[in-house]
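Student: One predicted model, sequence on top.
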Amino acid sequence: MTDTLTAGAKLRSAQPSDLPGIEQLLTASHLPLAGVAETLPGFVVAEFHGAIVGTAALDVCSDDALLRSVAVAPEWRSRGLGRALVTRVIADAEARGLRALYLLTTTAEHYFPSFGFRQIRRDEVPADIQATEEFHGACPASAVAMCRDCAARS
């Protein structure tokens, strides 16, 4: 995907050198770091003057994927950056022809329905998504599971 500007920040695919900045942002946002390094190729970052100010990731598992690690630095919130990051990851999932996106959240179950996600029971999540490090170990059992179907494949 190409680089885009949103609210003054550049959205682009993550590079290996972005890992420390991503981990710092996720830690500050109280989000798990489990599996971040392994899924780095699926990360999109928002960069401003060399600093990572936002991130979201796609952890692909067969025909489905886990949307994870959505975080925006406090000073960048309420500018549409989070929405732009999630929209880009959804577009990436659709471009790849994935069947569905899943996520776990402890705080944003009222945010994600605006992207077409709906709450589901955890046992409805496909086994390969449940096997991800974030799903089975990093997120608490109380986290809400959500699903969004991707556009039909052509």
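Tutor: That came through, no problem. Source: prediction; values computed, not measured. Residues are numbered from 1 along each chain as shown.

Student: ok, the helix or strand of the chain with the lowest mean pLDDT: who's next to it in the sheet?
Tutor: The weakest-scoring helix or strand in the chain, judged by mean pLDDT, DSSP states H and E, is strand 4-6 (a mean of 78). Using DSSP bridges, strand 4-6 pairs in its sheet with strand 9-13 (antiparallel).

Student: centre of the chain versus the strand it pairs with, how much separation?
Tutor: Strand 9-13 has its C-alpha centroid displaced from the chain centroid by 14 Å (Cα atoms, centre = their mean, to the nearest Å).

Student: Also stretch 25-36?
Tutor: So, by Cα atoms, centre = their mean, the centroid of stretch 25-36 is 11 Å from its chain's centroid.

Student: Could you check it and say which residues are buried?
Tutor: By neighbour count with 16 or more other Cβ atoms under 10 Å, stretch 25-36 contains the buried residues 25-26, 31-32, 34-36. Heads up, the C-betas are built off the backbone N, CA and C, glycines and all.

Student: Tabulate those residues (a markdown table), appending distance to residue 146, secondary structure and pLDDT.
Tutor: Output for these, formatted as a markdown table (distance: Cβ to Cβ, whole Å; DSSP: H, G, I helix; E, B strand; the rest coil; pLDDT from 0 to 100):
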| residue | distance to residue 146 | secondary structure | pLDDT |
| --- | --- | --- | --- |
| 25 | 22 | helix | 97 |
| 26 | 19 | helix | 96 |
| 31 | 16 | coil | 90 |
| 32 | 17 | coil | 88 |
| 34 | 19 | coil | 88 |
| 35 | 19 | coil | 89 |
| 36 | 20 | coil | 93 |
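
Student: Looking at these, which one is closest to residue 63?
Tutor: The shortest approach to residue 63 among the buried residues of stretch 25-36 belongs to residue 35, at 19.2 Å (Cβ to Cβ).

Student: Got the confidence number for residue 141?
Tutor: Here, the pLDDT recorded for residue 141 equals 78.

Student: Give me the number of neighbouring residues for it.
Tutor: By other Cβ atoms under 10 Å, 7 other residues sit near residue 141.

Student: Correct me if wrong, but it is in a strand.
Tutor: No: according to DSSP: H, G, I helix; E, B strand; the rest coil, residue 141 belongs to no strand; its state is coil.
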